[in-house]
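> structure for the following, please:
(one chain, ligands or ions: 1)
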Amino acid sequence: MGSAASPPRTLESPKATQEELKRVAAHRAVEMVESGMTLGLGTGSTAAHALDRLGDLLRGGALRGVAGVPTSLKTEAHAARVGIPMLALADAAEIHLCIDGADEVDPELNLVKGRGGSLLREKMIEGTGGRFVVIVDESKLVPRLGCTGAVPVEVVPFGSAYTLGLIRKLFDKLPGFHARLRTVKSKAGDQQEELFVTDNGNYIVEMFFHDGIHGDLSDISDRLLRITGVVEHGMFLGLATSVIVAKKDGSVEVLN
Ligand code: 5RP
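Sure, this is the predicted structure:
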């Protein structure tokens, strides 16, 4: 893995915290966009800064003929608001560049994505073979995937409790492993929880590994994908072409 660091610059205020770092990383990635490109448009708070910047550049005329393939319904709505023309995945002859955030980045540039719930569309679009530039603040760098929270797995609703059982069985030898179906506060607002439903009408199983995943990631990926009710998981192995890391000292590092 190579890296190129720009000289540190002083952030304007100590309050220029995680949000400012996300913006810095996103703007750096948007510098790679050229007129005429088709882009994969990521999902999440970091990717949102890239959408805003792209919208500004398109409106100002600095970029022309750019179209985006959105990785979620939320991103589709955001892109429409800021005036980014969009294409369906099937209508994009080629996706030249994808820009998206991540929940975790390991030293080999493997990722955990999908804590926002959009992992399936993200992987479909970001795995199409063009450049995939990941934008993060340095808090997302981890020694092993699964260190800081859930590794999400999208499962079909039919038999989801059974599928959850199969996932648990896969890792029952790992001390501290646990898994559950993701829930969110009920929209009824009465403190009730309900199952989280993805843009594709599926559920999410959250897997938690004590101290991260120590095993062979591609073996774990294969075993998960062999479970029939599993649609996809949030480990993005070998997909990122570079990772732009905005750091608290004001520097930006590009990992390749
Ligand atoms: C959504 C994702 C996001 O990219 C990931 O959760 C990072 O989000 P944020 O930029 O808000 O930290 O994978 O499914």
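> can you pull the residues of this protein lying near the ligand?
Within the chain, the positions adjacent to the ligand are 42-47, 100-103, 113-119, 122 by Cβ under 6 Å from any ligand atom. C-betas here are computed from N, CA, C, even on glycine.
> out of the residues you listed, list just those in strands.
With DSSP state E as the criterion, strands contain Asp100 from among the residues of the chain next to the ligand.
> quick one: buried ones out of the residues of the chain next to the ligand?
Listed as buried from these are 42-44, 46-47, 100-103, 113-119, 122; burial here means 16 or more other Cβ atoms under 10 Å.
> so where is the stretch 1-150 of the chain shaky, pLDDT-wise?
Applying pLDDT under 70 to the stretch 1-150 of the chain flags the ranges 1-16.
> where along it do the strands fall?
Ranges of strands in the stretch 1-150 of the chain, per DSSP state E, counting those that start in this stretch, are 3-5, 38-41, 67-70, 97-100, 104-105, 111-112, 131-137.
> could I get the full set of strands for the stretch 151-256 of the chain?
Under the criterion DSSP E, counting those that start in this stretch, the stretch 151-256 of the chain contains strands at 151-155, 178-181, 183-185, 193-195, 203-208, 230-233, 235-236, 242-246, 252-255.
> quick one, which of the strands of the stretch 1-150 of the chain is packed in tightest?
With neighbours taken as mean count of other Cβ atoms under 10 Å, those reach their highest mean count in strand 111-112, at a mean of 29.
> now for that strand, which elements pack on it?
strand 104-105, strand 235-236 (3 or more Cβ pairs under 8 Å, 6 or more residues apart in numbering; DSSP states H and E).
> and the pLDDT at the residue of the chain most remote from its centre?
Centroid-distance maximum for the chain: Asp190 at 30.5 Å, with Cα atoms, centre = their mean. We have a pLDDT of 73 for Asp190.
> how near is it to His214?
According to Cβ to Cβ, to the nearest Å, Asp190 and His214 sit 41 Å apart.
> so what's the one residue in the stretch 151-256 of the chain that gets nearest to the ligand closest to, chain neighbours aside?
Distances between the stretch 151-256 of the chain and the ligand by Cβ to the nearest ligand atom are smallest at Gly234, namely 7.0 Å. Nearest residue to Gly234 in three dimensions, chain neighbours excluded: Gly114, at 3.4 Å (Cβ to Cβ, 6 or more residues apart in numbering).
> ok, now which ones touch Glu122?
42-43, 71-72, 100, 113-114, 236 (Cβ atoms under 8 Å, 6 or more residues apart in numbering).
> kindly reformat those as a markdown table containing distance to Val252.
Below are these laid out as a markdown table (distance: Cβ to Cβ, whole Å):
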| residue | distance to Val252 |
| --- | --- |
| Gly42 | 18 |
| Thr43 | 22 |
| Thr71 | 23 |
| Ser72 | 26 |
| Asp100 | 17 |
| Lys113 | 21 |
| Gly114 | 25 |
| Phe236 | 21 |
